[in-house]
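Engineer: what follows is a protein structure lacking sequence information:
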């Protein structure tokens, strides 16, 4: 019932009663001091529930706090289980709801039997589970704000006196003030934490911007000083703690390397797929800036990569401009060197002005684009020249590489390595050079003949040195592939078709027989066959080619045709 209608008329008419109330007041004052010292809401709630249970000598004390428009039991002291904690009441529901609705204390002698307080089954079930009998509830109020309800309950029927109601109300007043104070402290702490976090986030952003500015400054110096892509990858690697490399549009590494992860100070452990940022120019995609991935990557890493990608684009554009200027100058020199009648002294002076030493050239390569993109041949020539610290230029639709201090056979190996897996089909001939203007011109002629023979033999995409084609470079250096094929068909075509259709080996037999000056015993030894077998094969050759093949005058034609056939069917090694 409401306390206003439930007074028991008790009066403190004895010294003992007065002393008891004085003690209770002292307890309340002491409790107020202790509550004021608590700045954690949870600690305040727990302490209030404990003291309410102790002051009123009840079995259970619990606190309902207001959450929007509903009451929820947040703290329970003395319960037998956990069924009470978390129960929510609507306004006016149960005894607590009535306290909230009216703003004054209410009590019930036997709550489960009291029909004045409407409640749902779940609330009645929880009260029954705790065996609640008499319950007293008082509001938690600070100024005009109601924070919740403080309740004290007994596991038997109990009538609460006005004095007990006043005592619990006094505790509730101290508790409400302490709760508000703790809430303010928590808000202040939260605000302080948020302020620290905001300051930390601001410092992080400022640090990021400073790192980005430092990176721009460092990369700007690289661009101005022209120290190249290697300096870009080194600076970016130091700024990110990652391994960095620049790849061209075909995937070849131009600078840096992902294998250099551990070389960076403060290196981040690698993990996952590398991160790639495209590098573009107005002409399109030219390269990729690739960075090893870490366990965690954020937006800052991507921003730094994008900043560096712009610098990479500028460096590549600058290098291209310089290269194009050099190529124009060197191209003019190449034309003068290979296509004019200029005297050696004049050419030597021009070469010296370009930083070229003709006397150091030991091998010359001629790269023919064939029916493909001339850009592929230009790229291969440039890469070959770069690998050997040489130089290159275009002449008569082909690209010429002038290589110093390298054997022609080694230049062939290099050309084959760079050609494998490259874009497009390029055909390359290589010749050794004795140095000087005359030696370069002679080597260029030999390399051109080698390239022409390869194309004539339908070996597009191959690479050979002049020593591999021998005299055929001079004899057939100007012939077309159709002329050579016609010569082979006319000379040994029937024999080739016979072996192809019947799976025989008359062609290698005839080739060995002619190579050993028609000597039967040596031919048998080389082929590891019996003499009778050799005679049978030679008779079969006569049936296919006719008896004229045995004429001494035909021997050279047959040998040349067989050699050309072998060259035409050879595969690149």
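Structural biologist: Okay, I see it. Since the model is a prediction, treat every value here as computed from it, not as a measurement.

Engineer: check the offset of stretch 522-540 from the chain's centre.
Structural biologist: 65 Å (CA atoms, centre = their mean, to the nearest Å).

Engineer: that stretch: end-to-end distance?
Structural biologist: End-to-end span of stretch 522-540 (CA to CA, to the nearest Å): 20 Å.

Engineer: and it, which residues are buried?
Structural biologist: Buried residues in stretch 522-540, counted by 16 or more other CB atoms under 10 Å: 523, 524, 527, 529, 534, 537, 538, 540. Bear in mind the C-beta positions are built from the backbone N, C-alpha and C, glycine included.

Engineer: can you tell me which of the residues you listed lies closest to residue 507?
Structural biologist: Nearest to residue 507 out of those is residue 537 (CB to CB; 10.3 Å).

Engineer: my guess is that closest one meets residue 508, correct?
Structural biologist: No - here residue 537 lies out of contact with residue 508, judged by CB atoms under 8 Å, at a distance of 9.8 Å.

Engineer: how close does residue 419 sit to residue 248?
Structural biologist: Counting by CB to CB, to the nearest Å, the gap from residue 419 to residue 248 is 16 Å.

Engineer: the more surrounded of these two?
Structural biologist: Ranked by neighbour count (other CB atoms under 10 Å), residue 419 and residue 248 place residue 419 first, with 22 against 16.

Engineer: who's in contact with that one?
Structural biologist: Neighbouring residues of residue 419 by CB atoms under 8 Å, 6 or more residues apart in numbering: 380, 426, 428, 461, 463.

Engineer: which one of the residues you listed is nearest residue 166?
Structural biologist: The shortest gap between residue 166 and any of those belongs to residue 380, at 101.7 Å (CB to CB).

Engineer: quick one: the closest one and residue 367 touch, right?
Structural biologist: Yes - using CB under 8 Å, residue 380 is in contact with residue 367, at 5.4 Å.

Engineer: shared neighbours of the two, which are they?
Structural biologist: Common contact partners of residue 380 and residue 367 (CB under 8 Å, 6+ apart): 399, 415, 426, 428.

Engineer: and the furthest pair within these?
Structural biologist: Pairwise over the shared contacts of residue 380 and residue 367, using CB to CB, the maximum falls at 399 and 415, 11.5 Å.

Engineer: what residues are shared contacts of these two?
Structural biologist: What both residue 399 and residue 415 touch, as defined by CB under 8 Å, 6+ apart, is the set 367, 380.

Engineer: picking that back up, would you turn the contacts of residue 419 into a markdown table with pLDDT and neighbour count?
Structural biologist: A markdown table is the format used below for the contacts of residue 419 (pLDDT from 0 to 100; neighbours: other CB atoms under 10 Å):
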| residue | pLDDT | neighbour count |
| --- | --- | --- |
| 380 | 87 | 25 |
| 426 | 85 | 29 |
| 428 | 92 | 31 |
| 461 | 83 | 16 |
| 463 | 90 | 29 |
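
Engineer: show me these that map onto helices.
Structural biologist: Using DSSP state H, the subset of those located in helices is residue 380.

Engineer: now distance to residue 202 too, for the contacts of residue 419, in CSV please.
Structural biologist: Shown next, in CSV, are the contacts of residue 419 (distance: CB to CB, whole Å):
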residue, distance to residue 202
380, 54
426, 57
428, 61
461, 61
463, 62
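
Engineer: quick one: the host helix or strand of residue 411 to chain centroid distance?
Structural biologist: Element membership for residue 411 (DSSP states H and E) is helix 408-419. Centroid displacement of helix 408-419 relative to its chain, using CA atoms, centre = their mean, is 34 Å.

Engineer: which positions within that helix qualify as buried?
Structural biologist: Of all the residues in helix 408-419, those buried under the rule 16+ other CB under 10 Å are 408, 411, 412, 414, 415, 418, 419.

Engineer: out of those, the closest to residue 78 would be?
Structural biologist: Nearest member of the buried residues of helix 408-419 to residue 78, counting by CB to CB, is residue 418, at 86.9 Å.
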